[in-house]
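**Student:** Would you be able to build a 3D model of this:
(one chain, ligands or ions: 1)
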Amino acid sequence: MEANELARLLGPDWASAGGDRRGENLARRVGLALRTLITSGLLAPGARLPSERQLAAALSVSRPTITAAIDELKSQGLVSSRQGSGTWVTPREHVSITVPTMAEVVLIDRGINLAAATPPDPSHLGPLTIDLGDLMSVTPGHGYDPLGISTLRTRIAARYKLLGVSSTPEQILVTPGAHGALALCLGALVGTNERVIVESHTYGGILDLLSKHNVVPVAVRRDQHGIVPDDLDRLITRNRARIVYMMPSVHAPTGATTSLLRLSELATVLDHHEMVVICDEALAELTLDGTDPPRLAGLCNTASVIDVGSLSKIAWGGLRIGWIRSPDELRTTLVHHRSHLELGSSAPSQLLAMQIFDRLGELRESRRVFLGEKASMLQALIAQTLPDWTVHRPAGGLCLWVRLPTPDARPFVLAAAQQGVAVMAGSTATPGHGPDPHVRICFDRTTNELEEGTKRLGLAWRSDEAGSRARMKSW
Ligand SMILES: Cc1ncc(COP(=O)(O)O)c(C=O)c1O
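**Tutor:** Numbering: from 1, shown residues only. Okay, the predicted model is just below:
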């Protein structure tokens with residue numbers, strides 16, 4: 001590939017792509033920008049890089065800067081080189097993905113991954129440090145802490161208090177992400193032949209977990225304000241359900257929030273049935289207007305609300321830091337179950353999590369501005385390229401939930417994969433995994449990836465025979 005072509009792919013904002021990187025040295029920024037091109041497939045496996053001299057000239061940086069950046073990519077196995085033969089993108093082994101569990105959605109590593117609802121990397125976090133002295137002062141010497149480091153639990157409890165949900169550190173359990181928290185809750189609480197109520201579109205990962213427990217999910221209807229209270233009431237009674245899993249603060253995959261009025265109506269129904277509610281708030285810190293959505297736990301009296309939270313979306317999934325805020329009556333059950341399951345979460349990650357909590361306000365604001373811009377950008381790109389798709393601006397989260405003029409988006413998702421862009425089919429988020437006309441597209445990506453990704457989606461839409469046939473059926 002020519003150096004100028006590569007510079008064009010990197011775009012003019014390569015030095016700051018993915019967030020504010022003022023603290024990093026230039027070689028690292030070049031390396032990160034190239035890495036994004038490689039992992040997104042814009043630089044295809046096997047593609048030859050221009051010479052270091054040419055690349056240095058095209059990016060207006062020194063040759064040693066490029067050498068250092070390429071060395072870093074080599075150490076990560078992303079590029080390979082041989083004396084006299086130059087440098088090329090390391091070919092990847094073909095991984096075939098047939099069943100889209102959530103783990104498989106995040107593992108997609110061919111093409112541009114707009115399917116995984118995750119920050120692409122941790123570069124927006126700025127400097128974080130692991131100081132051995134700090135580590136030793138917050139953990140017991142051996143580093144095992146099954147409940148989670150108490151200083152971190154204190155920080156998490158304080159955040160809930162600020163949100164109007166009275167909490168003590170004893171109620172908090174640190175877990176490997178929100179997904180780990182959900183696995184723990186289901187393992188501790190779900191019985192055989194139990195029916196668990198979930199929303200008609202829900203987090204695909206909960207469906208994976210429920211199927212592992214042989215639990216049939218029962219779908220409760222949502223309208224534009226959230227779960228429909230009468231429907232919830234009826235389904236609880238009809239199924240003799242004890243457990244509801246829901247995302248009232250910022251809903252996945254739609255990005256909708258629930259008004260205080262609707263939440264109060266839901267709290268009345270949940271209290272009436274004395275339900276156990278697993279309230280997934282993994283996206284709650286990511287409203288695009290910066291407001292804090294009302295929390296169900298602050299409104300319920302006789303229902304037992306378990307809050308599940310995470311730093312994965314506001315900060316980075318690789319931290320694997322999530323938590324449970326358990327109501328007093330379920331604390332012993334959850335702690336007991338955890339003690340049979342694992343010996344605690346990573347102490348270094350928890351230390352980093354404390355630093356993130358110290359700057360939560362600042363991080364929320366920078367994420368809000370960045371994600372707001374990217375949401376508008378992707379919306380505009382789709383309106384231009386795919387005018388027959390229906391897109392609404394989400395209230396929060398990092399994805400657009402898009403309705404296609406077809407009864408089932410799955411054939412299109414396959415066509416898109418062939419064009420080298422991954423989006424998540426609505427079926428992944430539907431109990432029963434039946435046909436669904438939606439796709440979820442993550443906008444927490446670089447401008448280049450969004451532009452190129454939308455271009456490829458347009459090609460896929462036009463080439464997708466199943467889609468064309470469906471469109472002709474005047475859907
Ligand atoms: C609603 C929801 N819950 C839980 C998770 C899992 O997040 P974590 O990385 O914290 O395990 C996700 C991430 O995709 C999510 O969107």
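**Student:** So which residues of the stretch 101-250 of the chain form helices?
**Tutor:** In the stretch 101-250 of the chain, the segments counted as helices under DSSP state H, counting those that start in this stretch are 102-107, 132-138, 150-162, 177-189, 204-212, 229-239.
**Student:** What's the mean pLDDT across the second one?
**Tutor:** Confidence for helix 132-138, expressed as mean pLDDT, is 90.
**Student:** what does the shortest one give?
**Tutor:** Model confidence over helix 102-107 averages 74 on the pLDDT scale.
**Student:** Give me the buried stretch members for that helix, please.
**Tutor:** 102, 104-105 (16 or more other Cβ atoms under 10 Å). To be clear about C-beta, it is placed using only N, CA and C from the backbone, and glycine gets the same treatment.
**Student:** Next, format the residues you listed as a markdown table and append distance to the ligand.
**Tutor:** As requested, the buried residues of helix 102-107 are arranged in a markdown table below (distance: Cβ to the nearest ligand atom, whole Å):
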| residue | distance to the ligand |
| --- | --- |
| Met102 | 6 |
| Glu104 | 12 |
| Val105 | 8 |
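**Student:** between those residues, which is nearest Thr90?
**Tutor:** Nearest to Thr90 among those: Glu104, at 21.9 Å, using Cβ to Cβ.
**Student:** State the distance from that closest one to Asp436.
**Tutor:** As judged by Cβ to Cβ, to the nearest Å, Glu104 and Asp436 stand 18 Å apart.
**Student:** ok, which residues in the chain are in contact with the ligand?
**Tutor:** 117, 177-179, 203, 205, 247, 252, 280, 282-283, 310, 312, 317, 322 (Cβ under 6 Å from any ligand atom).
**Student:** Any idea which residue of this structure lies closest to the ligand?
**Tutor:** Proximity of the chain to the ligand (Cβ to the nearest ligand atom) peaks at Gly177, 2.5 Å away.
**Student:** That residue contacts Gly318, doesn't it?
**Tutor:** No: Gly177 is beyond contact range of Gly318, at 9.8 Å (criterion: Cβ atoms under 8 Å).
**Student:** Compare neighbour counts for the two and give me the winner.
**Tutor:** Neighbours of Gly177 and Gly318, each counted by other Cβ atoms under 10 Å, are more numerous for Gly177; the result is 23 against 13.
**Student:** Just want the angle from whichever helix in the chain runs longest to helix 150-162.
**Tutor:** Identified as the longest helix of the chain according to DSSP state H is helix 360-385. Angle between the axes of helix 360-385 and helix 150-162 is 70 degrees (criterion: axes from the mean of the first three to the mean of the last three Cα atoms, to 10 degrees).
**Student:** pLDDT averaged over helix 360-385, what's the number?
**Tutor:** Taken as a whole, helix 360-385 has an average pLDDT of 97.
**Student:** Ok, stretch 30-50 next?
**Tutor:** For stretch 30-50, the mean per-residue pLDDT is 79.
**Student:** coming back round to it: report all helices and strands that the helix or strand just after the longest helix of the chain contacts.
**Tutor:** Per DSSP states H and E, helix 360-385 leads on to strand 390-391 as the next helix or strand towards the C-terminus. Helices and strands touching strand 390-391, by 3 or more Cβ pairs under 8 Å, 6 or more residues apart in numbering; DSSP states H and E, are helix 360-385, strand 399-403.
**Student:** got the buried residues for the longest one?
**Tutor:** Same thing as helix 360-385. Of the residues in helix 360-385, those buried under the neighbour-count criterion (16+ other Cβ under 10 Å) are 360, 363-364, 366-368, 370-371, 374-375, 377-379, 381-382, 385.
**Student:** Can you name every helix or strand that that helix contacts?
**Tutor:** Packed next to helix 360-385, using 3+ Cβ pairs under 8 Å, 6+ apart, are strand 390-391, strand 399-403, helix 447-463.
**Student:** Reformat those as TSV; add mean neighbour count and mean pLDDT.
**Tutor:** Formatted as TSV, the helices and strands packed on helix 360-385 follow (neighbours: other Cβ atoms under 10 Å; pLDDT from 0 to 100):
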stretch	mean neighbour count	mean pLDDT
strand 390-391	15	96
strand 399-403	23	98
helix 447-463	20	95
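**Student:** wait, which of those is closest to Val335?
**Tutor:** strand 399-403 (33.6 Å).
**Student:** give me phi/psi at the spatially closest residue to Pro435 that is not a sequence neighbour?
**Tutor:** Computed as Cβ to Cβ, 6 or more residues apart in numbering, the closest residue to Pro435 that is not its neighbour in sequence is Asp408, at 3.6 Å. The phi/psi pair for Asp408 (degrees, to the nearest 10) reads phi -140, psi 120.
**Student:** Where does pLDDT dip in the chain?
**Tutor:** 16-24, 39-41, 92-100, 109, 464-475 (pLDDT under 70).
**Student:** Which strand in it has the most residues?
**Tutor:** The residue-count maximum for a strand in the chain (DSSP state E) belongs to strand 304-310.
**Student:** What pairs with that one, parallel or antiparallel?
**Tutor:** For strand 304-310, sheet partners with direction are given as strand 276-280 (parallel), strand 322-325 (antiparallel), following DSSP bridges.
**Student:** which residues does the closest residue in space to Ala416 that isn't next to it in sequence contact?
**Tutor:** Using Cβ to Cβ, 6+ apart and skipping the chain neighbours, the partner closest in space to Ala416 is Ala460 (4.1 Å). For Ala460, the contact set (Cβ atoms under 8 Å, 6 or more residues apart in numbering) comprises 412, 415-416, 418-419, 421.
**Student:** Nearest to Met136 among the buried residues of helix 102-107?
**Tutor:** Nearest to Met136, judged by Cβ to Cβ, of the buried residues of helix 102-107 is Met102 at 35.5 Å.
**Student:** I'd say that closest one and Gly177 touch.
**Tutor:** No: between Met102 and Gly177 no contact is recorded; they are 10.8 Å apart, counting by Cβ under 8 Å.
**Student:** Looking at this structure, which residue reaches furthest from the middle?
**Tutor:** Checked against the mean C-alpha position of the chain, the extreme residue using Cα atoms, centre = their mean is Gly84, at a distance of 42.2 Å.
**Student:** Weed out the non-buried ones from the contacts of Ala460.
**Tutor:** Members of the contacts of Ala460 classed as buried by 16+ other Cβ under 10 Å are 412, 415-416, 419, 421.
**Student:** Of these, which is the nearest to Leu55?
**Tutor:** Val421 (26.0 Å).
**Student:** where does the nearest residue to Asn113 once chain neighbours are set aside fall, phi/psi-wise?
**Tutor:** For Asn113, ignoring the flanking residues on the chain, the nearest one in space by Cβ to Cβ, 6+ apart is Ala422 at 4.9 Å. Note on Ala422: backbone dihedrals following degrees, to the nearest 10 are phi -110, psi 130.
**Student:** how far away is Ala422 from Arg445?
**Tutor:** Using Cβ to Cβ, we find Ala422 at a distance of 11 Å from Arg445.
**Student:** Now the common contact residues for the two.
**Tutor:** With contacts defined as Cβ under 8 Å, 6+ apart, the residues adjacent to both Ala422 and Arg445 are 112, 114.
**Student:** Quickly compare the strands paired with strand 304-310 and say which is most buried.
**Tutor:** Among the strands paired with strand 304-310, judged by mean count of other Cβ atoms under 10 Å, the one packed with the most neighbours on average is strand 322-325 (a mean of 27).
**Student:** which other residues reach it?
**Tutor:** 148, 153, 156-157, 160, 165, 167, 171-181, 184-185, 282, 297, 306-312, 334.
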